[in-house]
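> quick one, what's the 3D model for this:
(2 chains)
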2 protein chains.
Amino acid sequence: MRIGAIEAGGTKFVCGIGNEEGTIEHRVSFPTERPETTMKNVIAYFKDNQVEAIGIGTFGPINIDPASPQYGYVTTTPKPGWAMYPFLGTLKEAFDVPFGWDTDVNAAAFGEATWGAAKGLDSCVYYTIGTGIGVGVYAEGSLVHGLVHPEGGHILTRRHPQDTFQGNCPYHGDCLEGMAAGPALEKRWNVKGSELSPDHPAWEIEAFYIGQSVTASILMLSPKKIILGGGVMHQEQLFPLIRAEVQNNLKGYVSADEVLKDIDSYIVPPGLGDNAGLCGSLALGLNALRE
Amino acid sequence: MRIGAIEAGGTKFVCGIGNEEGTIEHRVSFPTERPETTMKNVIAYFKDNQVEAIGIGTFGPINIDPASPQYGYVTTTPKPGWAMYPFLGTLKEAFDVPFGWDTDVNAAAFGEATWGAAKGLDSCVYYTIGTGIGVGVYAEGSLVHGLVHPEGGHILTRRHPQDTFQGNCPYHGDCLEGMAAGPALEKRWNVKGSELSPDHPAWEIEAFYIGQSVTASILMLSPKKIILGGGVMHQEQLFPLIRAEVQNNLKGYVSADEVLKDIDSYIVPPGLGDNAGLCGSLALGLNALRE
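Next comes the predicted model:
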């Protein structure tokens, strides 16, 4: 099989071709410009590389309600040209194949459940922690959409007692994203997170916020795996700190060995590494073909 | 059709007979004693009232993993005799009918999605706020189980700036249940919540905590309806306060009319009133029969 995959990010688009085993056989990437320019590149790529289906995992917010006239649109983004842009419709006009369409983080969750850290499980929660914080939710064998789609990056957390940073989410100030995304780290410490040493106190504060949010995910959704990806999570020292924070928050209340004993294999990095997004889009395309 | 329903609570059991329209035709209730006594009453009731299937929505925590040898057990409860009690197995020995088995709050969520406030929707979150706080989750047309089952009553919330109450959850101190369940209200104000006047400042503090938790549910799950039941929610003045709190927390970020404009019909009391639990168990039984 030859399945197309589009990982549409705020700064770059990655397009690729893969197969039903989750192997990416070819890929290209180009910067995210105005949609006319970017979509011309996407269409040219898939005209040159014929595929049986295309899966799209995209930045948002997007409309994923099949019953809505705006299904397939990017909705309220400040990104020039993309607000109310018919992303999916533009591609459907160019290619007569089945399409998968979801958020970037739902795609990554689905990729991880298909071929990665949650393979064989019917639920997982996927976090990307980078320029922003996004959360994809896979529950009872379905990606969760609901009213719009989950926006778990913006939940409110308690403030770390030593943290005086005011938070920089333009909507909520000190929500999770405002306190723990890459730009918050940089603003709080006046250097990029990647330049802070692994034993810098920044990481304990970072883990405090992420740990609270993961705790909320466990209590609200009881997922079988928590996957933490994105640029900030390249700081591997965060994992043990976050796991300790979660156990300290739960205090033994969720009586499952995965949380109590095997937390090292419960809260994990993406099994697909930085391919989680593109492989996830591939999985969405494959799923669309099979439906 | 004649379907049996069991709403198993910590202080009382309600057993009933209903039909496929969600009508309860008969019911009895008795106190929750040791399981030998209570189950004898349950079995006698359904020996006298033959049914085609039985649905059970029960206090917990319970095991709802069909692959586990402890499937159908109540697990770690402090209630005398009920820890590791084979609730479902005991009934299966007595009756050769299909059984539905889930938590009390998942049952209520399912009842509301079948015949109540979320009828026709494929998702809702159901809160019961009373002696404790429980949260049932229905997403993408399935009740959410996952690792164990959701325990959203114990999420951590920010403290109300005027609230000095330390919280009384034996596990987490000042988690949602520790700050906002009935006993917390009573301990904070030294009178039962039902004796506080509707304009007492207690309700603004109560709405602050519940509102934060509902906000987290919306961000993590994006449900199509939020249903707030249980004894504390008989205080109808809480609804407008909670809705205002949620809108204030979200600050327009979740761009759905349900949240922005129609929140009065988005965050609502149970459509089935205090029958949500028993009707939910009925719906579980009906579902078991149809599977």
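> so A:Ile64 versus chain B, what's the distance?
With the distance defined as C-beta to the nearest C-beta, to the nearest Å, A:Ile64 ends up 10 Å from chain B. Quick note: C-beta positions are derived from backbone N, CA and C, even for glycine.
> show residues contacting stretch A:156-168.
Contacts to stretch A:156-168, defined as C-beta atoms under 8 Å, 6 or more residues apart in numbering or on different chains, come from residues A:172-176, A:178-179, A:183-184, A:187-188, A:201, A:205, A:208-209, A:212-213, B:156-159, B:212, B:215-216, B:249.
> are any of those buried, and if so which?
The neighbour-count criterion (16 or more other C-beta atoms under 10 Å in any protein chain shown) marks A:172, A:174-176, A:178-179, A:183-184, A:188, A:205, A:208-209, A:212-213, B:156-157, B:159, B:212, B:215-216, B:249 among the contacts of stretch A:156-168 as buried.
> give the closest residue to A:Ile56 in space, chain neighbours not counted.
Distances taken as C-beta to C-beta, 6 or more residues apart in numbering or on different chains put A:Ile6 closest to A:Ile56, at 4.5 Å, once the chain neighbours are dropped.
> wait, that neighbour sits on A:Val51?
No: using C-beta atoms under 8 Å as the test, A:Ile6 is too far from A:Val51 to be in contact (10.6 Å).
> between the two, which is the more surrounded one?
A:Ile6 (28 against 20; other C-beta atoms under 10 Å in any protein chain shown).
> can you classify the more buried one as helix, strand or coil?
In three-state terms, and counting by DSSP: H, G, I helix; E, B strand; the rest coil, A:Ile6 is strand.
> and it, what pLDDT?
Here, the pLDDT recorded for A:Ile6 equals 98.
> identify the bridge partners of it.
Using DSSP bridges, the bridge partners assigned to A:Ile6 are A:Cys15, A:Ile56.
> leaving out chain neighbours, which residue sits closest to whichever residue of the stretch 51-200 of chain A sits closest to chain B?
For the stretch 51-200 of chain A and chain B, the shortest gap (C-beta to the nearest C-beta) falls at A:Gly146, measuring 3.4 Å. Nearest non-adjacent residue to A:Gly146, counting by C-beta to C-beta, 6+ apart: B:Ser222, 3.4 Å away.
> what's A:Val125 in contact with, if anything?
For A:Val125, counting by C-beta under 8 Å, 6+ apart, the contacting residues are A:109, A:135-138, A:152, A:214, A:217, A:221, A:223, A:225-227.
> hang on, it in a strand?
Yes: counting by three-state DSSP, A:Val125 is found in a strand.
> that one and B:Phe95, how far apart?
38 Å (C-beta to C-beta, to the nearest Å).
> just the strands in chain A please.
A:3-8, A:12-18, A:24-31, A:53-58, A:99-103, A:124-129, A:133-139, A:142-143, A:226-229, A:267-268 (DSSP state E).
> need those in TSV (columns: distance to B:Asn63).
TSV is the format used below for these (distance: least, C-beta to C-beta, whole Å):
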stretch	distance to B:Asn63
strand A:3-8	39
strand A:12-18	39
strand A:24-31	40
strand A:53-58	35
strand A:99-103	32
strand A:124-129	21
strand A:133-139	19
strand A:142-143	23
strand A:226-229	21
strand A:267-268	23
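> just checking, which of the buried ones among the contacts of stretch A:156-168 belong to helices?
Secondary structure assignment by DSSP state H places A:176, A:178-179, A:183-184, A:188, A:205, A:208-209, A:212-213, B:212, B:215-216, B:249 of those in helices.
> just to revisit the earlier point, you'd agree the residue nearest to A:Gly146 is up against A:His154?
No: judged on C-beta under 8 Å, B:Ser222 makes no contact with A:His154 at a distance of 11.9 Å.
> and for the residue lying closest to A:Ile227 once chain neighbours are set aside, the neighbour number?
The shortest distance from A:Ile227 to any non-neighbouring residue, by C-beta to C-beta, 6+ apart, is to A:Tyr126 (4.7 Å). Residues lying near A:Tyr126 (other C-beta under 10 Å) number 34.
> A:Ser68 now?
A:Ser68 has 10 nearby residues by other C-beta under 10 Å.
> and for A:Asp48?
A:Asp48 has 8 nearby residues by other C-beta under 10 Å.
> try A:Glu186
The burial count for A:Glu186: 16, using other C-beta under 10 Å.
> same question for A:Pro35.
A:Pro35: 19 neighbours (other C-beta under 10 Å).
> surely it meets A:Ala83?
No: using C-beta under 8 Å, A:Pro35 makes no contact with A:Ala83, being 9.9 Å away.
> mind listing what's buried in stretch A:19-31?
For stretch A:19-31, using 16+ other C-beta under 10 Å, the buried residues are A:22, A:24.
> who touches that stretch?
Residues contacting stretch A:19-31 (C-beta under 8 Å, 6+ apart): A:1-3, A:5, A:11-18, A:38, A:41, A:45, A:49, A:111, A:114-115, A:272, A:275, A:278-279, A:282-283, A:286.
> pull out the buried members of those residues.
Buried among the contacts of stretch A:19-31 by 16+ other C-beta under 10 Å: A:3, A:5, A:13-18, A:38, A:45, A:111, A:114-115, A:272, A:275, A:278-279, A:282-283, A:286.
> quick one, what contacts the residue nearest the centre of chain A?
Centre of chain A computed as the mean C-alpha position; nearest residue by C-alpha atoms, centre = their mean is A:Val105, 2.6 Å away. Neighbouring residues of A:Val105 by C-beta under 8 Å, 6+ apart: A:57, A:126-128, A:134-136, A:150.
> before we move on, the earlier item: so B:Ser222 and A:His154 - more neighbours on which side?
A:His154 (27 against 23).
> can you tell me the closest non-neighbouring residue to the more buried one?
A:Cys175 (4.6 Å).
> how close does that neighbour get to B:Tyr266?
With C-beta to C-beta as the criterion, A:Cys175 and B:Tyr266 are 21 Å apart.
> next: A:Gln166.
Between A:Gln166 and B:Tyr266 the computed distance is 31 Å (C-beta to C-beta).
> now A:Val232
33 Å.
> go on, A:Tyr45?
42 Å.
> now do A:Leu228
According to C-beta to C-beta, A:Leu228 and B:Tyr266 sit 31 Å apart.
> again with A:Leu143
For A:Leu143 relative to B:Tyr266 (C-beta to C-beta), the value is 22 Å.
> next one: phi and psi at A:Ala181?
A:Ala181 adopts backbone torsions of phi -70, psi 170, taken as degrees, to the nearest 10.
> show me the contacts for it.
So A:Ala181 contacts A:129-133, A:153, A:232 (C-beta under 8 Å, 6+ apart).
> the same query, at a cut-off of 10 Å, please.
A:128-134, A:153, A:168-169, A:175, A:187, A:193, A:206, A:209, A:230-232 (C-beta atoms under 10 Å, 6 or more residues apart in numbering or on different chains).
> so for it, what's the pLDDT?
97.
> of the contacts of A:Val125, which is the most crowded?
Result: A:Ala109 is most packed of the contacts of A:Val125 (other C-beta under 10 Å), 37 neighbours.
> isn't that residue up against A:Val137?
Yes: with contact defined as C-beta atoms under 10 Å, A:Ala109 and A:Val137 form a contacting pair (6.5 Å).
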